[in-house]
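S.K.: Give me a model of this one.
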Amino acid sequence: MTHNVLTAPIVDAAVSGGQQAGLARASDTIEVMASLRVYTQLGHYARRCAAAVWLTAPFAGANLPFLPSCVIAAIIYGHLGQIQTKHGRFSVSRAGIREPRGALLLPREACGMAFALEPRDGRAILCFTEGRQLVAELSLGDPSDAPRVLEAMGFARGALPLHVEGSLRPKFRAALGALGGTVAALSFFIGLKLGSYPLIMLSAFSLVHAVLAMLLRDVRVAGDGVWVNAPLSRNFIPFAELQGVSEAGLWLRLHTTRGDFSITPPLLWPGARSRAARDALVVALREGASRVASLPEPIPASRAGLALRPREGGFRELPMSADDLLRVVESARAPSGARARAAASLLRNEPESGHVERVRLAAEGSASPQLRRAFSCAIAHDDEAAMTEAIAAVEAEDAQATAGTRRRPSAPAE
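M.R.: Have a look, this model is predicted:
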């Protein structure tokens, strides 16, 4: 089956998703006829239990015949995997999906990304995820409504940053996974020896989660690049360095000027939705790199090198106009260190509300946690020591990228 990806959640370098969301008006609300299915945390674990039943059914023996195992799995998946399905007319806006003049059924802030499946039986299906879990599906009777819904919720071009992040830090998650995997493996073999199907099923369920915990990476895609947080490393990859994206089994591989980085796709379980989510992430990455490559430099490189160098009066005293500083702050092509210094200089010398808002929006549109922290320090007018420390962290990140740079051929676009 082919998939029609209708959204690419990328933040434009000049106008971030937060800025567009801030400009939203009441007239952005639309109404559509649809069916909405919202999944719960219980539903996610129920479906995983169903998968464990399927995987371990051959070991059931006399405890639980194969056919009833499949039936149980189907019941768990079909009935416990959702809160309810609502049919009728819904209002869609930047706040999310709600019943007309009723309760908010799906908050926008609960969704990290959205993607569309190929229309089937004359209906378009929009899927919404948070982290690595499917949180809701919206089935539209009119496929032409799909782009309108995505636009109304802020998932079209210029959307809020796409993020696939778990609730635990990768390093901590990997440590728990290693410990849990060891215990689960031992329990699995004990269950085989004892002929205990419940222990076998529970062990298989735990082992799958333990392995995934050790492999998963947190990913955030924004207007200036990609943040990849792995158990043993953390890397900010500016779009200016991204040369291509390819698939490598379970992984997606980012080819950059300083080597290759692997990331896990948004949804790991096989199926049409996982395939569409992976395609949406690939489109987001490729279009982000193309967009940044087409942007003009905020100021000439020679002038930037002189202007953004620390001076005797402090790093905030920069011989540039406010407009030039804003161009640097908002440019996805400018080095992160230069953007941080420009924000500090701008808000120290001209702390107007309009400038503060544009720096805040630039922070929302950045994938780098270090750069977002530096922007936040500039907005908060932190003391010189805190600001210097934040900028030093950003420039260390830049230096690490520069030191590791090595040219590689671009990966095929297909």
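S.K.: What is the distance between the helix or strand in which residue 136 is found and the centre of its chain?
M.R.: Using DSSP states H and E, residue 136 sits within strand 133-140. Computed by C-alpha atoms, centre = their mean, to the nearest Å, the chain-centroid distance of strand 133-140 equals 17 Å.
S.K.: got any ranges where the stretch 101-250 of the chain has weak pLDDT?
M.R.: Along the stretch 101-250 of the chain, the model assigns pLDDT under 70 to residues 156-170, 173.
S.K.: go with 80
M.R.: Counting by pLDDT under 80, the stretch 101-250 of the chain contains low-confidence residues at 131-132, 155-177, 195-198, 200-202, 204-205, 208-209, 211-218, 230-233, 249-250.
S.K.: For it, which segments count as strands?
M.R.: Here the stretch 101-250 of the chain has its strands, by DSSP state E, counting those that start in this stretch, at 104-107, 113-116, 124-130, 133-140, 162-164, 218-221, 225-229, 234-238, 242-248.
S.K.: Can you tell me which helices and strands the fourth one packs against?
M.R.: Spelled out, it's strand 133-140. strand 30-38, helix 41-56, strand 124-130, helix 145-153 (3 or more C-beta pairs under 8 Å, 6 or more residues apart in numbering; DSSP states H and E). (C-beta placed from N, C-alpha, C; glycine too.)
S.K.: Give me whichever of the ones you listed is most buried.
M.R.: Each of the helices and strands packed on strand 133-140 was scored by mean neighbour count; the highest is strand 124-130, a mean of 23, by mean count of other C-beta atoms under 10 Å.
S.K.: Could you look up the SS state of residue 261?
M.R.: Under DSSP: H, G, I helix; E, B strand; the rest coil, residue 261 falls in the strand class.
S.K.: Report the beta-bridge partner residues of residue 129.
M.R.: Beta-bridge partners recorded for residue 129 (DSSP bridges): residue 113, residue 134.
S.K.: nope, residue 234 is what I was after
M.R.: Counting by DSSP bridges, residue 234 is bridged to residue 229.
S.K.: Go ahead and confirm it touches residue 226.
M.R.: No: using C-beta atoms under 8 Å, residue 234 makes no contact with residue 226, being 11.7 Å away.
S.K.: I'd assumed residue 180 was in contact with residue 209.
M.R.: Yes: the pair residue 209 / residue 180 is scored as a contact, 7.1 Å apart, by C-beta under 8 Å.
S.K.: can you tell me how far residue 351 sits from residue 298?
M.R.: From residue 351 across to residue 298, the span is 21 Å (C-beta to C-beta, to the nearest Å).
S.K.: Of these two, which one has the most company?
M.R.: More crowded of residue 351 and residue 298, by other C-beta atoms under 10 Å: residue 298, with 22 against 13.
S.K.: Is the more buried one in a helix, a strand, or coil?
M.R.: Following three-state DSSP, we place residue 298 in the coil state.
S.K.: repeat for residue 357
M.R.: With three-state DSSP as the basis, residue 357 sits in helix.
S.K.: just the one 10 residues further on next, same as before
M.R.: Of the three states, residue 367 takes coil according to three-state DSSP.
S.K.: unless I'm mixing things up, it is touching residue 225, no?
M.R.: Yes: with contact defined as C-beta under 8 Å, residue 367 reaches residue 225; the gap is 5.0 Å.
S.K.: could the strands of the stretch 101-250 of the chain be laid out in CSV, adding distance to residue 154?
M.R.: As requested, those are exported to CSV (distance: least, C-beta to C-beta, whole Å):
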stretch, distance to residue 154
strand 104-107, 12
strand 113-116, 9
strand 124-130, 12
strand 133-140, 15
strand 162-164, 12
strand 218-221, 15
strand 225-229, 20
strand 234-238, 24
strand 242-248, 24
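S.K.: Which stretch among those strands approaches residue 188 most closely?
M.R.: When the strands of the stretch 101-250 of the chain are compared by C-beta to C-beta, strand 133-140 sits nearest residue 188, at 25.1 Å.
S.K.: Report the inter-axis angle for the closest one versus strand 124-130.
M.R.: Orientation check (axes from the mean of the first three to the mean of the last three C-alpha atoms, to 10 degrees): strand 133-140 against strand 124-130 gives 160 degrees.
S.K.: now strand 133-140 against helix 145-153, angle please.
M.R.: Using the same axes, to 10 degrees, strand 133-140 lies at 130 degrees relative to helix 145-153.
S.K.: Between residue 234 and residue 226, which has more neighbouring residues?
M.R.: Using other C-beta under 10 Å as the criterion, residue 234 and residue 226 rank with residue 226 on top: 28 against 17.
S.K.: can I see the domain layout of this protein?
M.R.: 17-162, 170-211, 218-294, 301-400 (automatic domain parsing).
S.K.: What segments of the stretch 151-300 of the chain are helices?
M.R.: For the stretch 151-300 of the chain, applying DSSP state H, counting those that start in this stretch gives helices covering 170-194, 197-215, 272-294.
S.K.: one step back: now render the helices and strands packed on strand 133-140 as CSV, adding distance to residue 252.
M.R.: Listed next are the helices and strands packed on strand 133-140 as CSV, based on distance: least, C-beta to C-beta, whole Å:
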stretch, distance to residue 252
strand 30-38, 27
helix 41-56, 22
strand 124-130, 15
helix 145-153, 22
